[in-house]
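In: A predicted structure for the sequence below; I have some questions about it.
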Amino acid sequence: MSPWLIALIAGVLVALVQYGWRDLRSGGSVLPAALLRVGAVALIVAMLLDAPAARARPVTTWVALDGSLSMSRDGGKDSTLWRAARDTVQKLRAESVFVFGDSARRGDTVTAPRDLASLLRPVVERALGAGHPLTLVTDGELDDPDAVRALAAGSRVIVLPRQARADLAVSSVDVPRAVVSGDTVEVRVALVAGSGGAPAGTLTLTLEPRVLATTRVEALAPFGERTVTVRTTIAAPAGPALLHAIVAAPGDAEPHNDTLAVAIDLSRAASAVFVSTSPDFDARYALAVLRGALGIPTRGFFRVAPGEWRVEGALTPIGESEVRQALRDAPVAIIHGDTAVFGPPRAATLGPLALIAPAAASEGEWYPAAAPPSPLAPALAGVVWDSLPPVAVASHTPEGSWQGVEARRMRGEEKRPLLVGTDAPRRVVIVPTSGLWRWRFRGGVSSDAFTALWGSIFDWLAAERADRRAAVPDERALRAGEPIRWRRGGSTDSLAVVVLRQRGAPNRVDSLTLRFGPMSTLVETPGLAAGIYDVSVRGGSALLAVNPSREWLPRQPRVQGGSVRGIATADTAPRLRGAGWAYAAAIIMLCVEWILRRRRGMR
């Protein structure tokens, strides 16, 4: 119902109550006073409802230009796409022109694109707040395409077509964080092609600056993706090092995406040895946590048949006696499957030990329920146990001085320990459980719980052999503009000072103070410009490789051009609360009514 109609009804009702129907029918001097009362009350109610004071005004359309680096890909600042975008904005002749990317701001169409992201939502929210439709001029490669649905009615999207050109880019590199020097590792390199596809080329892996391996890459269709797996031996002095993945193809249009640098830590000897007599998903994922989340230099050995052993990763044969000796010399040992494969397990190694004895599926489904007080409890405090899939737990309860996780049968009252541990005379953890891989496989909070569980186990076992640096970068392949996550190292201090020195700019030194919470192991800091940074922290040093922005990678357009139905905008008519005459008119009518009432002898 219209606010003015509501106000008029309210005024009539008040006048009827005040003067009565009989007096109004009699006319005379009562009728003018009653009409004044109707007008005054209606005006006051209309102001309370903020009714429109005039017809709606026409709203101008704003123009937003995509200023991300992807607008200049395949051609630099004078690329055909960027020139077409500038010409389009000039033809629109809009009152207000904004540039969006990693922020929303008023800008010009002369400055070359420089934003490290393609975020649409900030400029959409700004236009909605002002009640203006928006015309977007973009290449369609947006980070948040769903923001288009929030555009005001009357908005339009103009997606400029990109000229099809050949391009081969490195999108990611997957390699263990910590590597034992001389070991063979598996490096997985993800490649992507541009709008014109990519001809056959080569992929080269280098380690400052020695070439490790070169392999041929087959041609890719437009926007095609492929993962190339390379097994290579990494041998170099101990310490942080840079691994580069470099692609080359004839006619490649964009050089900014041809190389991706990853920082790895090299060690002279393994800090942990993982032995499995029955390799499965539990073993595979636990080993990934050992190498990835904790960054411990690890060697793995798998038994693929009775008496036949393979080195994990390279799958080269190795004698059982060598595996036995590696296990005995290991600072930290993990035995999965048949824990008595080398005799009594506690006699097979001298250091901290983890025994993973998979339970049979016939043991039924047991649901993790809680983490009793134990050395692992702080790391498991944030786990939501009700969201985790069931596992199988052995009926025989091993002995230990503490229980790490408690499981219940079918969420009932019957309990069994999912893992137990003991501190003396050395640290030993026994995990009589199988099916934990389901946590990692499901992803999300379940995957985080898997990492937290195994990370806390391995971290407690490693103790003093863990990374002694106060903080290390959590991600190996970083991009310019993306937040940097730092992982707490072996230090128990909640503060860590990080000093960054960019190579090529020796006079520039930056420092960061990281503050870790009581239960937090990760801290985020703002992104950095592309480059290689030498990191100095208490307890050691590291390398930080910040690669060119993700905007240089080819992507398919994620939005389509055309008009947007959008959401209804607020009424653009001037409102009554902002009109001074309305207040004056209400006061005058009430005063005149009072005079008429006094002349009639009414109060």
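Out: The structure has been received and is ready for your questions. Residues are numbered from 1 along each chain as shown.
In: could I get the average pLDDT for stretch 454-461?
Out: Stretch 454-461 shows a mean pLDDT of 87.
In: which elements pack onto the helix or strand in which Trp581 is found?
Out: For Trp581, the host element (DSSP states H and E) is helix 580-600. Identification of packing neighbours for helix 580-600 by 3 or more Cβ pairs under 8 Å, 6 or more residues apart in numbering; DSSP states H and E yields helix 30-48. Yep, even glycine has a C-beta here, placed from its N, CA and C like the rest.
In: list the buried ones in the helix it packs on?
Out: Buried positions in helix 30-48, judged by neighbour count with 16 or more other Cβ atoms under 10 Å: 30-31, 33-34, 36-47.
In: now do whatever helix or strand comes next after that helix, average pLDDT.
Out: Next in sequence after helix 30-48, counting helices and strands by DSSP H and E, comes strand 62-66. Mean pLDDT, strand 62-66: 90.
In: in space, what's closest to Pro483 - neighbours in sequence excluded?
Out: Glu524 (4.7 Å; Cβ to Cβ, 6 or more residues apart in numbering).
In: list the contacts for that neighbour?
Out: Going by Cβ atoms under 8 Å, 6 or more residues apart in numbering, Glu524 touches Pro483, Ile484, Arg485, Trp486.
In: and the nearest residue to Arg427 once chain neighbours are set aside, how many residues sit next to it?
Out: Of all residues not flanking Arg427 in the chain, Pro352 sits nearest, at 4.2 Å (Cβ to Cβ, 6+ apart). Number of residues near Pro352 (other Cβ atoms under 10 Å) recorded here: 21.
In: could you pull up the residues touching Leu376?
Out: Per Cβ under 8 Å, 6+ apart, neighbours of Leu376: Gly404, Val405, Gly421, Leu453, Ser456, Ile457, Trp460.
In: one more time with 10 Å, if that's ok
Out: Going by Cβ atoms under 10 Å, 6 or more residues apart in numbering, Leu376 touches 402-405, 419, 421, 429, 452-453, 455-457, 459-460.
In: I'd like these laid out as CSV, including secondary structure, neighbour count and distance to Asp338.
Out: Converted to CSV, the contacts of Leu376 look like this (DSSP: H, G, I helix; E, B strand; the rest coil; neighbours: other Cβ atoms under 10 Å; distance: Cβ to Cβ, whole Å):
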residue, secondary structure, neighbour count, distance to Asp338
Trp402, strand, 17, 25
Gln403, strand, 21, 24
Gly404, strand, 25, 22
Val405, strand, 28, 23
Leu419, strand, 26, 18
Gly421, strand, 23, 21
Val429, strand, 25, 17
Ala452, helix, 21, 27
Leu453, helix, 26, 22
Gly455, helix, 20, 25
Ser456, helix, 24, 25
Ile457, helix, 24, 20
Asp459, helix, 20, 26
Trp460, helix, 20, 24
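In: so which of those is the closest to Tyr285?
Out: Leu453 (10.8 Å; Cβ to Cβ).
In: and the closest one, how far is that from Leu418?
Out: 9 Å (Cβ to Cβ, to the nearest Å).
In: which neighbours do the two share?
Out: Pro368, Ala371, Gly404, Val405, Val431, Leu436.
In: of these, which is the nearest to Ile356?
Out: Looking across the shared contacts of Leu453 and Leu418 and measuring by Cβ to Cβ, the closest to Ile356 is Val431, at 4.7 Å.
In: isn't that closest one right next to Ala407, touching?
Out: No - using Cβ atoms under 10 Å, Val431 is not in contact with Ala407; the gap is 11.7 Å.
In: which of these two has more neighbours?
Out: The neighbour count for Val431 versus Ala407, taken as other Cβ under 10 Å, is higher for Val431 (29 against 25).
In: what about stretch 69-82, distance to the chain center?
Out: With Cα atoms, centre = their mean, to the nearest Å as the basis, stretch 69-82 stands 27 Å off its chain's centre.
In: again, but for stretch 552-559
Out: On Cα atoms, centre = their mean, the centre of stretch 552-559 falls 18 Å from that of its chain.
In: ends of it, what's the gap?
Out: 18 Å (Cα to Cα, to the nearest Å).
In: try stretch 157-173
Out: Termini of stretch 157-173 sit 35 Å apart (Cα to Cα).
In: cool, and stretch 387-394?
Out: Note: stretch 387-394 ends 22 Å apart using Cα to Cα.
In: got it, and stretch 350-367?
Out: With Cα to Cα as the measure, the ends of stretch 350-367 fall 34 Å from one another.
In: pull up the per-residue confidence for Ser362.
Out: 68.
In: and the strands in the stretch 51-200 of the chain?
Out: 62-66, 97-100, 104-106, 134-138, 155-159, 168-174, 178-180, 183-193 (DSSP state E, counting those that start in this stretch).
In: could you export these as JSON lines, including mean neighbour count?
Out: Output for the strands of the stretch 51-200 of the chain, formatted as JSON lines (neighbours: other Cβ atoms under 10 Å):
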{"stretch": "strand 62-66", "mean neighbour count": "25"}
{"stretch": "strand 97-100", "mean neighbour count": "22"}
{"stretch": "strand 104-106", "mean neighbour count": "14"}
{"stretch": "strand 134-138", "mean neighbour count": "26"}
{"stretch": "strand 155-159", "mean neighbour count": "21"}
{"stretch": "strand 168-174", "mean neighbour count": "21"}
{"stretch": "strand 178-180", "mean neighbour count": "21"}
{"stretch": "strand 183-193", "mean neighbour count": "19"}
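In: so which of the ones you listed gets nearest Arg226?
Out: strand 183-193 (5.1 Å).
In: what packs against that closest one?
Out: strand 168-174, strand 201-207, strand 210-217, strand 225-234, strand 239-248, strand 259-267, strand 298-305 (3 or more Cβ pairs under 10 Å, 6 or more residues apart in numbering; DSSP states H and E).
In: tell me which strands the fifth one pairs with, and in which orientation.
Out: So the one you mean is strand 239-248. Neighbouring strands of strand 239-248 in its sheet, by DSSP bridges, are strand 201-207 (antiparallel), strand 259-267 (antiparallel).
In: got the angle for that strand vs strand 183-193?
Out: Interaxial angle, strand 239-248 versus strand 183-193 (axes from the mean of the first three to the mean of the last three Cα atoms, to 10 degrees): 40 degrees.
In: and for Val431 and Ala407, which residues touch both?
Out: Contacts common to Val431 and Ala407, judged by Cβ under 10 Å, 6+ apart, are Val393, Pro417, Leu418, Leu419.
In: and the third one, what element?
Out: When elements are defined using DSSP H and E, Leu418 is found to belong to strand 415-422.
In: tell me how far stretch 61-75 lies from the chain's centre.
Out: That offset, for stretch 61-75, works out to 24 Å (Cα atoms, centre = their mean).
In: re the thing from before, surely the residue nearest to Arg427 meets Val429?
Out: Yes - contact criterion Cβ under 10 Å: Pro352 and Val429 qualify, at 8.3 Å.
In: mind listing the shared neighbours of the two?
Out: Ile334, Phe458, Trp460, Leu461.
In: now for the residues you listed: which two are most distant?
Out: It's Ile334 and Trp460 that sit farthest apart of these, by Cβ to Cβ, at 12.7 Å.
In: shared neighbours, the two?
Out: Shared contacts of Ile334 and Trp460, defined by Cβ under 10 Å, 6+ apart, comprise Pro352, Ala354, Val429.
In: hang on, Pro398 packs against Ile356?
Out: No - counting by Cβ under 10 Å, Pro398 sits too far from Ile356 to count as a contact (11.6 Å).
In: bridging residues for Val497?
Out: The partner residues for Val497, given DSSP bridges, come to Thr513.
In: burial of it, as a residue count?
Out: Val497 has 14 nearby residues by other Cβ under 10 Å.
In: many thanks, have a good one.
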